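*Asks:* Okay, here's the prediction I keep looking at, along with the sequence it came from:
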Amino acid sequence: MTAKSPRKPISLTRFLIEEQRDKGHINSDLRLLIEVVARACKRIAISVGRGALGGVLGSAGTENVQGEVQKKLDVLSNEILLEANEWGGHLAALASEEMDDPHPIPHRYPKGEYLLVFDPLDGSSNIDVNISVGTIFSVLRCPAGVKDPDEKAFLQAGVKQVAAGYAVYGSSTMLVLTLGDGVHAFTLDREIGSFVLTGSDLTIPEDTREFAINMSNLRHWQAPMRRYIDELLAGKTGPRGADFNMRWVASMVADVHRIITRGGIFIYPIDAKIADKGGKLRLMYEANPMAMIVEQAGGMATDGHGRILEIVPKSLHQRVPVFLGSKNEIDRVTRYHREAKV
Ligand code: AHG
Ligand code: MN
Ligand code: MN
């Protein structure tokens, strides 16, 4: 009797080649794009992992277009993603949280058909305290006939994304990816230096008893938001008849990763403090890619009223309220907002 040989690990490279060759889901440019982003994320993971030894903690002493103080790692991660993606010929332009305007592909390199938008380092407030941070990215097509894409070329609804993903730099580094056909998770094998498929077709359960929200903003929320959370907090003897648990990492990537792994909901609603900005999280490089991933995993993502993915952006750094995760809870809290007509 011959022993059955264990299944060989599937690397990200092999996964992408099979998506292209066998399923025809992607072309070679998109495959290259994902590989290049993954490679950049490995470099960011190395810097994050070196922490104080790498001299990368603390503030860069500069501000981004949104008036936020940039951390050294925000700037470094942005540079890593730019450098990695400029020369491959797969992109028409890039845009990021850390740059006021889109970054053109330098003339010395060929241009491709895709646009890449990213949050190079998500959860910046957690860098210096050794808590998980991440990178979020979204891939769009450059509109036909546009040679030098400006901001307008990027202003496409999330339904137009051809791929989205995030890397989470936690106790292990993982890459979670959708190409519009389910959500797949890869774990970085640090010895080999390659991402290995460790979860296919991830799904978010429809029901959950776990929520993520920054409760310190409660007094600034609108009535439907308070109603929803009050009901959860009332527990077994309240209208929901069940106890709910709470988590808040303050790195969207880490909070969404928990939801992708075991279900739950993540909410960053509008509140009186940020009403003039339209929300806290950014539509194009936080809400949209996460909404695509969550929907692809069977969850739901709204701005409290409608589908996030259907919002047509008005500007690159536009902010939106975000409600995402297990379907039945997101459906309920969205209904409360619609009924209240706020
Ligand atoms: P970034 O570090 O890219 O600016 O994003 C931070 C975001 C998000 O990751 C997180 O969910 C949220 O800000 C936390 O906000 P609070 O500090 O208001 O809780
Ligand atoms: Mn972020
Ligand atoms: Mn960021």
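*Replies:* Received the coordinates, thanks. Numbering: from 1, shown residues only. Ligands and ions are numbered 1, 2, ... in the order given.
*Asks:* right, is stretch 305-320 up against ligand 2?
*Replies:* No: using C-beta under 5 Å from the ion, no contact is recorded between stretch 305-320 and ligand 2, whose separation bottoms out at 11.0 Å. In this view, the C-beta of every residue, glycine as well, is placed from N, C-alpha and C.
*Asks:* what's the span of that stretch from first residue to last?
*Replies:* Start-to-end span of stretch 305-320 (C-alpha to C-alpha, to the nearest Å) is 11 Å.
*Asks:* hmm, who's touching it?
*Replies:* Here stretch 305-320 makes contact (C-beta atoms under 8 Å, 6 or more residues apart in numbering) with 65-66, 95, 97, 101-102, 117, 151, 154-159, 161, 274, 277-284, 287-288, 291-292, 295, 301-303, 322, 324, 334, 337-338.
*Asks:* Of these, which belong to helices?
*Replies:* Restricting the contacts of stretch 305-320 to those inside helices, with DSSP state H as the criterion, leaves 151, 154, 288, 291, 292, 295, 334, 337, 338.
*Asks:* Might one say that the second one is in contact with residue 102?
*Replies:* Yes: the pair formed by residue 154 and residue 102 meets the contact definition of C-beta atoms under 8 Å, at 6.3 Å.
*Asks:* shared neighbours of these two, anything?
*Replies:* Where contact means C-beta under 8 Å, 6+ apart, the residues bridging residue 154 and residue 102 through contact with each are 93, 95, 316.
*Asks:* how about the second one, what does it touch?
*Replies:* Residue 95 makes contact with 101, 102, 103, 115, 116, 117, 118, 151, 154, 284, 285, 316 under the criterion C-beta under 8 Å, 6+ apart.
*Asks:* The closest residue to the third one other than its chain neighbours - how many residues pack around it?
*Replies:* Okay, so that is residue 103. Of all residues beyond its chain neighbours, the one nearest residue 103 is residue 94 (4.6 Å), with distances taken as C-beta to C-beta, 6 or more residues apart in numbering. Using other C-beta atoms under 10 Å, the number of residues around residue 94 comes to 23.
*Asks:* before we move on, what about residue 202?
*Replies:* Residues contacting residue 202 under the criterion other C-beta under 10 Å number 17.
*Asks:* still on that earlier bit, quick check: the residue nearest to residue 103 touching residue 118?
*Replies:* Yes: with the criterion set as C-beta under 8 Å, residue 94 and residue 118 qualify as a contacting pair; they are 7.5 Å apart.
*Asks:* Common neighbours of the two, please.
*Replies:* Counting by C-beta under 8 Å, 6+ apart, the residues touching both residue 94 and residue 118 are residue 81.
*Asks:* still on that earlier bit, now the buried members of the ones in helices among the contacts of stretch 305-320.
*Replies:* For the ones in helices among the contacts of stretch 305-320, a neighbour count by 16 or more other C-beta atoms under 10 Å gives the buried set as 154, 288, 291, 292, 295, 334, 337.
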